[in-house]
Structure formats: C-alpha cells, structure tokens
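Novice: any chance you can model this:
(one chain, ligands or ions: 1)
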Amino acid sequence: MTHILDWEAALAIYGADLAPARNSLSEATQATFCLFASTALAGGGIGMTSRGGDHAECRLIASNFWPHIEQAMSRSDAAGKSLSFLLAINRTPCARCARVLAGALQDVRSKYPSASKHEFVMAALGYYQGKAFMREAEMSPFARLKRFPAPSQKGDPDLRYSDSVTTDRGLREMINVGWKCRVLTFGDMTPRGAEYLNFLASH
Ligand SMILES: [Zn+2]
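Specialist: Next up is the predicted model:
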C-alpha cells in the first residue's frame with residue numbers, strides 16, 4: 001500500500017547501514033527519535049533524539065544538516081537524477097513540529113526550484129495524540145506537567161489539547177507542501193500505526 005513504508009523496504013531504498021536505528025524507531029517511547037536518510041547519503045543517516053523538551057525532528061531541522069540536502073540536490077541535478085529523502089520518526093510529529101517541517105520543505109522548495117523533482121518522505125510509527133499515545137496514569141507527575149501545561153477544563157478531562165500532540169491540521173500542512181506521509185511498519189503495524197493509516201487514507 002502506498003501509505004505504508006516497511007522497514008525492510010526502507011533499508012532496500014536508503015541503505016542497509018540504517019539497520020542500527022531499528023530499535024529506536026520501532027518503539028513509541030516518551031523520548032522521540034528521528035532518523036534522516038537519503039538515497040544520496042552514504043552511511044547510517046543522521047539520528048537525533050529529543051532533549052530538554054525539544055522534539056527530535058525540530059532539533060534535526062535546527063541542526064546543521066540542510067547543507068547535506070542542498071549539496072545532494074545540486075549533485076543530482078547535475079547528473080539528472082532524482083533523489084528520495086526520508087525522515088523516519090518513532091511517532092507522528094506534534095502540531096508544532098509539523099509546522100516547522102512544513103516550513104522547512106517550503107524553504108527548500110523556494111530556494112531550489114529543482115527540489116520539486118525530489119521526494120521527501122516522512123514515515124512515522126504511529127499517531128501521537130496525547131491520551132491515545134500514552135495514558136495519563138502511565139506518566140510521571142513531572143512528565144504530565146511538562147506535556148500538558150494548560151489542560152483543557154472542558155469536556156473529557158482526560159483529553160487535553162495541546163500544541164505538543166499530533167493534529168490533523170499539522171499533518172495536512174505537511175502534506176500540502178509536499179511531504180509524502182507514510183506509516184512506518186516493522187512487519188506488523190501498531191494500533192497507533194493503524195490510526196495514522198486511517199488518517200492518511202482519508203486525506
Ligand atoms: Zn514536536
């Protein structure tokens with residue numbers, strides 16, 4: 001199915017050197033992990049974990065990795081080839097990170113008209129939505145405070161709305177600027193992977 005990227009297929013496309021990232025990507029732990037790879041970059045890709053409340057994918061975007069993309073694109077343009085870039089994450093980006101990722105791709109596309117020839121794939125293990133992602137009772141009081149600084153007082157008291165969970169709107173922003181969103185599977189699909197697939201299938 002087109003909305004799914006299985007890990008074995010990812011290794012075939014982006015290189016077997018990515019294999020060590022399997023453990024970090026295949027578990028939806030509270031710490032986020034992302035891996036950036038491309039058909040043009042040799043080696044094991046660029047891995048990033050969350051730190052100090054900043055999610056892995058935002059830290060990646062803020063890091064100095066864009067020159068790799070720019071160099072890879074200019075080399076492939078000269079050779080008349082098109083590339084595929086992969087951002088794999090152990091859960092879908094939160095609303096805030098989705099906005100950053102959408103903006104980053106938009107920037108690349110406005111700076112490099114040829115970028116539209118290349119593919120940008122975001123593959124995530126499962127849908128990350130607060131309570132659906134992790135029951136509040138499973139979280140430490142500290143994590144609860146950090147994750148939900150402004151709990152909603154209305155409606156379902158367990159359902160907190162925050163910028164720090166995935167929203168349909170955030171994912172749509174990414175899709176609209178050209179990110180190809182995929183469910184990352186490791187043979188089996190997780191229940192939250194199925195939720196994410198539902199979203200993709202209807203957009
Ligand atoms: Zn985030």
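
Novice: how near is Leu60 to Pro113?
Specialist: For Leu60, the distance to Pro113 (C-beta to C-beta, to the nearest Å) stands at 24 Å. For every residue, glycine as well, the C-beta is placed using N, CA and C.

Novice: tell me the domain ranges of the chain?
Specialist: 10-54+61-90, 94-114+133-176+186-203 (automatic domain parsing).

Novice: follow-up on the earlier one: neighbour count for Leu60 and Pro113, which is higher?
Specialist: With neighbours defined as other C-beta atoms under 10 Å, Leu60 and Pro113 compare such that Leu60 has more, 23 against 9.

Novice: tell me how many other residues crowd Arg59.
Specialist: Residue neighbour count, defined by other C-beta under 10 Å, stands at 17 for Arg59.

Novice: er, Lys81 actually
Specialist: Counted by other C-beta under 10 Å, the residues lying close to Lys81 total 13.

Novice: could you do Ala16 as well?
Specialist: Summarising burial for Ala16: neighbours were counted as other C-beta under 10 Å, giving 8.

Novice: quick check: longest helix in the protein by residues?
Specialist: helix 95-111 (DSSP state H).

Novice: same for that helix, what does it pack against?
Specialist: For helix 95-111, the elements it packs on are helix 56-62, helix 66-79, helix 168-177, judged by 3 or more C-beta pairs under 8 Å, 6 or more residues apart in numbering; DSSP states H and E.

Novice: so which bits of it are buried?
Specialist: Across helix 95-111, burial judged by 16 or more other C-beta atoms under 10 Å covers Ala95, Arg96, Cys97, Ala98, Arg99, Val100, Leu101, Ala102, Ala104, Leu105, Val108, Arg109.

Novice: next: stretch 72-88.
Specialist: Residues of stretch 72-88 classed as buried by neighbour count (16+ other C-beta under 10 Å): Ala72, Met73, Ser76, Asp77, Leu83, Phe85, Leu86, Leu87, Ala88.

Novice: pLDDT value on the fifth one, please?
Specialist: Per-residue confidence at Leu83 stands at 94 (pLDDT).

Novice: surely it meets Arg75?
Specialist: No - applying C-beta atoms under 8 Å, one finds Leu83 not in contact with Arg75, separated by 9.1 Å.

Novice: what touches both of the two?
Specialist: Any residue near both Leu83 and Arg75 by C-beta atoms under 8 Å, 6 or more residues apart in numbering counts here, and that gives Ala40.

Novice: find the centremost residue of this protein, please.
Specialist: In the chain, the C-alpha closest to the average C-alpha coordinate belongs to Ile89, at a distance of 4.3 Å (C-alpha atoms, centre = their mean).

Novice: dig out what that one forms beta bridges with.
Specialist: With beta bridges defined as DSSP bridges, Ile89 has these partners: Cys34, Ala124.
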